[in-house]
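Trainee: With the sequence up front, the predicted model follows.
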Amino acid sequence: MRSKIAGIGYYVPKNVFSNQDLTKYMDTSDEWIQERTGIKERRYADRTGETTTTMGVEASAIAIERAGITPQDIDFIVFATLSPDYYFPGCGVLLQRAMKMKEIGALDVRNQCSGFVYALSVADQFIRSGMYKNILVVGSEKHSFGLDYSTGGRNISVIFGDGAGAVVLQPTEDENRGILSTHLHSDGESAEILAMYNPGTHANHWQETAYADFKNAEIGEMFMSHEMIDNAQNFPFMDGQAVFKKAVVKFPEVVGEALAANNLKPSDINMLIPHQANLRISQFVQQKLGLREDQVYNNIQKYGNTTAASIPIALCEAWEDGKIKEGDLVCLAAFGSGFTWASALLRW
Ligand SMILES: CC(C)(COP(=O)(O)OP(=O)(O)OC[C@H]1O[C@@H](n2cnc3c(N)ncnc32)[C@H](O)[C@@H]1OP(=O)(O)O)[C@@H](O)C(=O)NCCC(=O)NCCS
């Protein structure tokens, strides 16, 4: 028994923010952003009308309809995001409520850029074991609500965008279709290289660098203080060059691992969907694997890095554009904060 993608959908908000638009808020340029990342524009959710969950609902509704089922047929939800509506509870239960689903299990996955592949792998195991028949896997992000749009945050804020993607996984006995294997990895050694430290319970425990000013904190004030906000310590941190260096090694490695596990080689791949971290990273991975340009799908130019949503959005768009056909070998690969990285190989 294998699992197959029975339906897929994506949603991106209407608001388009070009690189030029960002120059209103910070010292940056269209040229710098395009040269370093390939990004031309990104979408931003409506400030109050849309959330990570509502975008997930939009994408899920399409995936569920294309699978030929209704929300009431879903028997498990796996929701990947790093920008949840609430610190807790997770987006899974909010989606269950919004879509009027049955009292099914809802699991949130916190694996940032590799969140969707991790979520897919979890769902795949539940299908293979026979436990569930219709699993909804969602990746959604509303980054625009939590980034530093001053010049101090420009190395991060120009990269990220909002959006959502979703798939419905179902069992199949067709040997020529479905998820062949998934491969998950982590290395917490570099956990602080791409991270949002605050609010949190770390109290500067992990590093000598003080990630927040707790000097005047009294009981009950540690999690989120006024000083933290005044000092812009509530935004993500990224050492971009360190991330880049590790990503260009781990992406090809985890694709190679998936191919080797199935006795396949790079030339067998019809479409590689890399997590849309940076166009330069994707181009490097393409070269390293010896793939042609038409074997790799990129849409970061339009949407920026949408983290857990990037792979399902790209997969759906590539399929809608007719670039993925029945029987094609598709490889999904992701790398990001944690560090965590992952791949999945599937026959469409
Ligand atoms: C973030 C990234 C584009 C930055 O490019 P880079 O070449 O490494 O640039 P650096 O961070 O070394 O900064 C170079 C200069 O550009 C400046 N800069 C940073 N962001 C800028 C921006 N948006 N606009 C203009 N200048 C910027 C820096 O301040 C620095 O200036 P300085 O030389 O005067 O100090 C690149 O490192 C990257 O893409 N890394 C991978 C990130 C990633 O994929 N993250 C998601 C993982 S899933």
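Mentor: Cool, the structure landed.

Trainee: hey, let's count contacts and neighbours off CA atoms from now on
Mentor: Noted.

Trainee: Which residue lies nearest the spatial centre of the chain?
Mentor: Centroid-nearest residue in the chain: Ala308, 1.3 Å away (criterion: C-alpha atoms, centre = their mean).

Trainee: Angles on the backbone of it, please.
Mentor: phi -70, psi -20 (degrees, to the nearest 10).

Trainee: I'd say it and His143 touch.
Mentor: No - using C-alpha atoms under 8 Å, Ala308 is not in contact with His143; the gap is 10.9 Å.

Trainee: coming back round to it: quick one: contacts for the residue nearest to the centre of the chain?
Mentor: By C-alpha atoms under 8 Å, 6 or more residues apart in numbering, the residues touching Ala308 are Ala80, Thr81, Leu82, Asn111, Gln112, Cys113, Ser114, Gly115, Phe116, Gly139, Ser140, Glu141.

Trainee: Intersect these with the contacts of the ligand.
Mentor: Subset of the contacts of Ala308 in contact with the ligand: Cys113, counting by C-alpha under 6 Å from any ligand atom.

Trainee: Present the contacts of Ala308 as JSON lines; the columns should include secondary structure.
Mentor: Listed next are the contacts of Ala308 as JSON lines, based on DSSP: H, G, I helix; E, B strand; the rest coil:
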{"residue": "Ala80", "secondary structure": "strand"}
{"residue": "Thr81", "secondary structure": "coil"}
{"residue": "Leu82", "secondary structure": "coil"}
{"residue": "Asn111", "secondary structure": "coil"}
{"residue": "Gln112", "secondary structure": "helix"}
{"residue": "Cys113", "secondary structure": "helix"}
{"residue": "Ser114", "secondary structure": "helix"}
{"residue": "Gly115", "secondary structure": "helix"}
{"residue": "Phe116", "secondary structure": "helix"}
{"residue": "Gly139", "secondary structure": "strand"}
{"residue": "Ser140", "secondary structure": "strand"}
{"residue": "Glu141", "secondary structure": "strand"}
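
Trainee: Which one of the contacts of Ala308 sits in the busiest neighbourhood?
Mentor: Gly139 (39 neighbours; other C-alpha atoms under 10 Å).

Trainee: Report the beta-bridge partners for that one.
Mentor: Ala80, Gly165 (DSSP bridges).

Trainee: List the buried residues of stretch 171-178.
Mentor: Pro171, Thr172, Arg177, Gly178 (16 or more other C-alpha atoms under 10 Å).

Trainee: mind checking how far the top helix by length along the chain is from the chain centre?
Mentor: In the chain, with assignment by DSSP state H, the single longest helix is helix 240-261. Distance, stretch centre to chain centre, for helix 240-261: 16 Å (C-alpha atoms, centre = their mean, to the nearest Å).

Trainee: Okay, buried residues for it please.
Mentor: So, applying 16+ other C-alpha under 10 Å, buried residues of helix 240-261: 243-244, 247-248, 250-259.

Trainee: Could you pull up the mean pLDDT of that helix?
Mentor: Summarised as a single mean, pLDDT over helix 240-261 is 97.

Trainee: Following the chain past that helix, name the next helix or strand.
Mentor: strand 271-274 (DSSP states H and E).

Trainee: Report all helices and strands that that following strand contacts.
Mentor: helix 310-320, strand 329-336 (3 or more C-alpha pairs under 8 Å, 6 or more residues apart in numbering; DSSP states H and E).

Trainee: can you give me the helices for the stretch 1-150 of the chain?
Mentor: 19-22, 30-37, 52-66, 91-98, 115-128 (DSSP state H, counting those that start in this stretch).

Trainee: which stretches of the stretch 1-150 of the chain aren't confidently modelled?
Mentor: Within the stretch 1-150 of the chain, no stretch falls below the threshold (pLDDT under 70).

Trainee: residues in it within reach of the ligand, list them.
Mentor: Within the stretch 1-150 of the chain, the residues that sit near the ligand (C-alpha under 6 Å from any ligand atom) are Thr28, Ser29, Trp32, Ile33, Arg36, Thr37, Cys113.

Trainee: Could you rerun that using 8 Å?
Mentor: Counting by C-alpha under 8 Å from any ligand atom, the positions of the stretch 1-150 of the chain adjacent to the ligand are Asp27, Thr28, Ser29, Trp32, Ile33, Arg36, Thr37, Gln112, Cys113.
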